[in-house]
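Novice: Model the structure of this input:
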Amino acid sequence: MKFRSALVTAVGMVAVSILSATPASAAPGWQYLGGSDFYPDKTGAGCHTNRFSSGGGWIKLTYYRPGYPYTSTKIRVYEYDPDNADDFVHEMMIYDWTTAEVYVDDFVDGDNKKAEIYFRGPCEGAPSVHVYD
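Specialist: All right, here's what the predicted structure looks like:
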């Protein structure tokens, strides 16, 4: 009887951990920074995401563009700078539902010693990203 009770408890704990999985727990070794849709720029020159604060090193992004499956998209990575022009970090071609990594250590700055990273890309197709540090 004790074995059956222990087995039921163990199975229940596994089920709870699977059901409560989050993007952060789904990526061992990576800290989930959050997700963002792409929003139109005020100038009408394209779309951008919210900013994500990274401590440096590598960041990982997962790109979603459900309106345009199986197509590659040009994404540009920038580091926000409140006092002057934003720094260009990297440009990549990425497919919908794929993951890429970008090295941002050289862009850590300011009093907070963080790189404030954002992404620019097309507006069409409801694009979004999830970012990990």
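
Novice: Name the SS class of Asp106, please.
Specialist: Secondary structure, DSSP: H, G, I helix; E, B strand; the rest coil: Asp106 is helix.

Novice: For it, list the residues it contacts.
Specialist: If a contact means CB atoms under 8 Å, 6 or more residues apart in numbering, then Asp106 has no contacts. C-beta here means a position set from N, CA and C on the backbone, and glycine is covered the same way.

Novice: How confident is the prediction for it, by pLDDT?
Specialist: With respect to pLDDT, Asp106 scores 95.

Novice: Equivalent analysis for Tyr132, please.
Specialist: At Tyr132, pLDDT is 98.

Novice: Tell me the helix or strand right after the element among helices and strands of the chain having the smallest mean pLDDT.
Specialist: Least confident element among the helices and strands of the chain, by mean pLDDT, DSSP states H and E: helix 2-19 (a mean of 41). Downstream of helix 2-19, the first helix or strand assigned by DSSP states H and E is strand 32-37.

Novice: Distance from the chain centre to that following strand, please.
Specialist: Relative to the chain's own centre, strand 32-37 is displaced by 5 Å; criterion: CA atoms, centre = their mean, to the nearest Å.

Novice: Run through the neighbouring helices and strands of it.
Specialist: strand 52-54, strand 128-132 (3 or more CB pairs under 8 Å, 6 or more residues apart in numbering; DSSP states H and E).

Novice: nearest residue to Thr98 other than its sequence neighbours?
Specialist: Leaving out its chain neighbours, the residue that sits closest to Thr98 by CB to CB, 6 or more residues apart in numbering is Tyr63, at 6.2 Å.

Novice: what sits against the one you found?
Specialist: Here Tyr63 is in contact with Thr73, Ile75, Ile94, Tyr95, Asp96, Trp97, Thr98, Thr99, Ala100, Pro127, Ser128, Val129 (CB under 8 Å, 6+ apart).
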